[in-house]
Structures are given as C-alpha cells and as structure tokens.
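Undergrad: What follows is a predicted protein model with its sequence.
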Amino acid sequence: MKSIPYLLPLIFTISLLSCGGNSDYEWDDFDDDYVSTATLNIDNGTDTTALVTITPEDKDTVYDFTIMGLEMDRVVLPYGDYHVKAVTVTDSVIVDEDFELSDDDYAYSFNLNLTQEDYIVENIKYVVGSTGDEVLSSSFTYEGKTYDGIDANVIKGKLIVPNQWDYNLDEESPQEVTLYDGQNSTTKKKLYRSSTFILYLELIELFEQYGAEEE
C-alpha cells in the first residue's frame, strides 16, 4: 500500500506523454491552420431565377448557386476579397462586381444584396402583457411618404450588408419572445426588402380605408 503515492505521479506523467507531452505539434501550427469565416446570405431580390458565381481573389475555388426569385442561399466563406457575377436564366446581368468580407466591424454574417435594393429594418417592440394593438408614437418616412405608427430605418442599397437585424429576409418575426433578467420589454429587428415593406404598408392603409368606408 505504501507504493500507491509513488504510482500516482508516475501514472500522471505517462498519461501526459501519451496525450502529446512529447509531440512535435506546436501551438503556432494551430494559428496557421485557423481561418476566420463568415456566413454570406445571397439575396436574389429579382422575380426570376439567378445563376450566381462567387470567385475568391486567389481563384482557387469557384462557388456556383442557382437561386429562385425572391429567395436566398447561404455559404460560409473566409474573410477576404471576392468577385460575384449573377445573371438571369436569359443571361441578363444582375451584378458583376468585386466585394470584400471584412471583420473590421466584427460582423460574422452578411447579406450579398444582388440587386442592391434598399433594405428596411423594422423595430418590433415586445412588451409583457401587451395586447398587440398599442399605437406606436413613431413614424417612418420613405421616398417622401410618411407612415404613422411604424418604427423603422433604411439601409441604403449596397452590395454587401453586414448583419444589423435579428430576423433576416427569409425569417418570420415571432409573435412572442423570451425575456430575461426581469425585463418587461425588448426590441427585435426584422429585415425587409424596401419594395416588400412598402407594399405591406400600402396594403395596411388600403384595408384601413376600406374598413372606414364600411363603417
């Protein structure tokens, strides 16, 4: 029994050696192998199928996508410089430009906005005990027209857009969210293409006018 205290350090030493204590692998090798990546959401804002080709600056790998109209696809890419060419099935060019995935703003997800249409972010407030029919005091103005009761902001159209939202174009905003740490309210951001969002607001106005006329 007296030999047990001496056996434990020996076993520990052997286990260290067997797990790489005598390995030639250097931690610097891990740094050399690691590549930072970001999610790229490819947004085909046209109403027709798009054939999309993304080519890295080094041209080692080419990424090809077929994306239906008003739909999205996703790919994970290393940060860096790329070229995108997107055409319709009838060979009409949608975009043919360079872009960069940069981690300068600590963004880990981007939209590749092929049509470079304006985006609109709606700020949706969730409140404990809310009945969902509160009148918001904010208003939203787009292209000279103001819509009352709407809290939103515009992201001017550009090719690459860092994530600034909770729910992307292809994600529905939920009816309820979970609140933490005693919160009684929170705000979530839902992204829309400007054409979709304005159509949505115009339809709301139309139904409200129709309802008023019925009364």
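TA: Great, that's in hand.

Undergrad: Distance from the chain centre to the longest helix seen in the chain, please.
TA: The helix spanning the most residues in the chain, taking DSSP state H as the definition, is helix 194-214. Averaging C-alpha coordinates over helix 194-214 and over its chain gives two centres that are 28 Å apart (Cα atoms, centre = their mean, to the nearest Å).

Undergrad: residue contacts, residue 108?
TA: Residues near residue 108 by Cβ atoms under 8 Å, 6 or more residues apart in numbering: 38, 39, 163. For glycine as for every other residue, the C-beta is placed from the backbone atoms N, C-alpha and C.

Undergrad: quick one: which of those sit in strands?
TA: Secondary structure from DSSP state E places 38, 39 of the contacts of residue 108 in strands.

Undergrad: out of the contacts of residue 108, which are buried?
TA: 38, 163 (16 or more other Cβ atoms under 10 Å).

Undergrad: Using JSON lines, please lay out the contacts of residue 108 together with pLDDT and distance to residue 105.
TA: Supplementary listing: the contacts of residue 108 in JSON lines, determined by pLDDT from 0 to 100; distance: Cβ to Cβ, whole Å:
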{"residue": "38", "pLDDT": "97", "distance to residue 105": "11"}
{"residue": "39", "pLDDT": "98", "distance to residue 105": "15"}
{"residue": "163", "pLDDT": "97", "distance to residue 105": "10"}
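
Undergrad: With distance to residue 140 added, can I get the contacts of residue 108 in CSV?
TA: CSV is the format used below for the contacts of residue 108 (distance: Cβ to Cβ, whole Å):
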residue, distance to residue 140
38, 30
39, 28
163, 21
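
Undergrad: What are the buried residues along stretch 177-195?
TA: The neighbour-count check on stretch 177-195 (16+ other Cβ under 10 Å) flags 189, 190, 191, 192, 193, 194 as buried.

Undergrad: With stretch 196-207 instead?
TA: Along stretch 196-207, these residues count as buried under the neighbour rule (16+ other Cβ under 10 Å): 196, 197, 198, 201.

Undergrad: avg pLDDT for it?
TA: For stretch 196-207, the mean per-residue pLDDT is 92.

Undergrad: And for stretch 98-110?
TA: Mean per-residue pLDDT for stretch 98-110: 92.

Undergrad: Look at it and report the distance between its end residues.
TA: Across stretch 98-110, the terminal residues are separated by 15 Å (Cα to Cα, to the nearest Å).

Undergrad: Quick one: residues contacting residue 103.
TA: Applying Cβ under 8 Å, 6+ apart, one finds that residue 103 lies in contact with 36, 38, 79.
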